[in-house]
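1. Sharing a model prediction with you, sequence too.
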Amino acid sequence: MNPSHPEASSRPAPDAPALLLRSPSLPVAVALAAAPVTAVLQSKAMAPLALVAMALTVIAHRRQHGAWPWPRGAAFWLAVALGLWGVVGAAWSIVPTRSLQTGAAFACAVLLGGAAARALAEDTAEARARLARWLAVGLALGLAAALLDDLSGNALRAAVRGLREPPASLAFGLKPAAAVMAMLVPLALAAPWPAWARGALAACGAAVILVLPGESAKLAVLAGLAIAGAAWVAPRAVPRLLGAGLGLLILLGPALLAPALEAAAPRFAATLPHSAAHRLAIWDFALARIADRPLLGWGMEASRAIPGGHQGPSEETLARLGLNAPAQRNFLLFPGAAELMPLHPHSGALQVRLELGVPGAVLAAALALMLGLAVARGAPHPPAAAGALAAAAVSGLLSFGAWQAWWYATLLLVAAGAAGLPRLARSR
């Protein structure tokens, strides 16, 4: 209808609640606000939370603008290509059906995440400010819930599961929550609050994560805040250097890890906690299996099915890696306690190289490089986005399976949220 028509001019303007409900950024803002508490209570719920929110954002953008927010950018296409390469790799995978399904699901999720990111990038300044505020408030609530659960011996998470007595294993469930919040702490620096309030939230976030279980999350939040601080000083150079460094690490890391384990591990391995000692044995096994299929890999999501992966390390392996402390040996040699490949290598770089071969590693390295360039060139708030990228990289390189749905859905939600942050005012 022509807006100059009398009927159009007499139509009342939508009120504030109606505008809020129509905002494309609202579903992702709600998801980011709910994500920390959700991750504390049940990390696997992050997949439906993130995917549904991003889908609703895309639909809202379509209703508001009359066109779909088709994703764009080299980083997006590289991520899709990574999933499609997993689909192609089903032809030689040892688990072809799983590789086909995982690659297709990953590519579709990236398509959704890229569309949501563009929809958020085109939303209003008011919507951007609201998203950042809700993210920060949700982070504060999640930190409080995580701390309460940890101090109460996981009573909160046990109550949600209907358990009267929390089992000891329940504490490990806080590790994914800590990793999720480690990525959100740098994003909260973009909240439209006074500097002291943003600084207090970041400090409290780091302090809480440092007392929660999960060594990789501790490193992640410290790296995220350090990179965010550096990017505040050099908002273009730091993200570029971060992307290039991550790309090199993904591409060359597996090749450099083998000599590093042989040369350095025996010097400090005996002092490592059980989880870190187990990780050395996992990485050693992954490197050996990479050598078995060096070019094309074993197939996407095939790590859990690689022959020999469910066995424990041998005494010879422990001796070669320097894992000679009696407590370490008792733990690692106990039947069923320490598998050589428990579902995945606990390193995204190793998993990509192991499963997707050289082409997958090249795609993943190029993706990391392009993400750094995208933050430097187009992120509304480069320090926050660079900090979140650094935190995600640390957790991805040291902890979770690359193709776990809850993990990559969370990464896509964080990336979409970074695209919808308020713009950083740069003084000239």
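-> Good, I have the coordinates. Numbering: from 1, shown residues only.
2. the helices in the stretch 1-150 of the chain, which residues?
-> Here the stretch 1-150 of the chain has its helices, by DSSP state H, counting those that start in this stretch, at 6-10, 16-22, 26-41, 46-65, 74-88, 96-121, 125-151.
3. right, so those helices: which one is the most enclosed?
-> Sort those by mean neighbour count, taking mean count of other Cβ atoms under 10 Å, and helix 26-41 sits at the top with a mean of 24. Heads up, the C-betas are built off the backbone N, CA and C, glycines and all.
4. circling back to that earlier point, return the member of the helices of the stretch 1-150 of the chain having the minimum mean pLDDT.
-> Sorting the helices of the stretch 1-150 of the chain by mean pLDDT places helix 6-10 lowest, at a mean of 47.
5. In contact with Phe268, which residues?
-> Shown in contact with Phe268 (Cβ atoms under 8 Å, 6 or more residues apart in numbering): Gly322.
6. switch the cut-off to 10 Å
-> Ala276, Gly322 (Cβ atoms under 10 Å, 6 or more residues apart in numbering).
7. measure it to Ala327 for me?
-> Distance of Phe268 to Ala327, given as Cβ to Cβ, to the nearest Å: 15 Å.
8. coming back round to it: Ala207 is nearest to which of the helices of the stretch 1-150 of the chain?
-> Nearest of the helices of the stretch 1-150 of the chain to Ala207, taken as Cβ to Cβ: helix 125-151 at 8.9 Å.
9. For the residue lying closest to Arg22 once chain neighbours are set aside, give its distance to Val58.
-> Closest residue to Arg22 apart from its sequence neighbours, by Cβ to Cβ, 6 or more residues apart in numbering: Gln64 at 6.2 Å. With distances taken as Cβ to Cβ, Gln64 is found 11 Å from Val58.
10. Give me the common contacts of the two.
-> Counting by Cβ under 10 Å, 6+ apart, the residues touching both Gln64 and Val58 are Pro24, Ala119.
11. ok, the nearest residue to Gly73 once chain neighbours are set aside - how many residues close by?
-> Distances taken as Cβ to Cβ, 6+ apart put Ala374 closest to Gly73, at 5.9 Å, once the chain neighbours are dropped. Ala374 sits with 22 neighbouring residues when counted by other Cβ atoms under 10 Å.
12. next SSE after the helix or strand containing Ala374?
-> Using DSSP states H and E, Ala374 maps to helix 348-378. The helix or strand immediately downstream of helix 348-378 is helix 382-398, counting by DSSP H and E.
13. Now do that next one: distance to the chain's middle.
-> 8 Å (Cα atoms, centre = their mean, to the nearest Å).
14. Let me know the angle separating the helix holding Ala374 from helix 96-121.
-> 20 degrees (axes from the mean of the first three to the mean of the last three Cα atoms, to 10 degrees).
15. Mind giving me the packing neighbours of helix 348-378?
-> Applying 3 or more Cβ pairs under 10 Å, 6 or more residues apart in numbering; DSSP states H and E, one finds that helix 348-378 contacts helix 74-88, helix 96-121, helix 237-268, helix 274-292, helix 382-398, helix 405-419.
16. which of the residues in that helix are buried?
-> 348-357, 359-376 (16 or more other Cβ atoms under 10 Å).
17. Would you mind measuring from the closest residue to Ala258 other than its chain neighbours to Pro345?
-> Excluding its sequence neighbours, the residue lying closest to Ala258 (Cβ to Cβ, 6+ apart) is Leu287, at 5.0 Å. Counting by Cβ to Cβ, the gap between Leu287 and Pro345 amounts to 9 Å.
18. list the residues that contact both of these two?
-> Residues touching both Leu287 and Pro345 by Cβ under 10 Å, 6+ apart: Pro254, Arg353, Leu354.
19. Surely His310 touches Gly336?
-> Yes. Taking contacts as Cβ atoms under 10 Å, His310 lies within contact range of Gly336: 8.9 Å.
20. More neighbours: these two, which one.
-> Using other Cβ under 10 Å as the criterion, His310 and Gly336 rank with His310 on top: 13 against 8.
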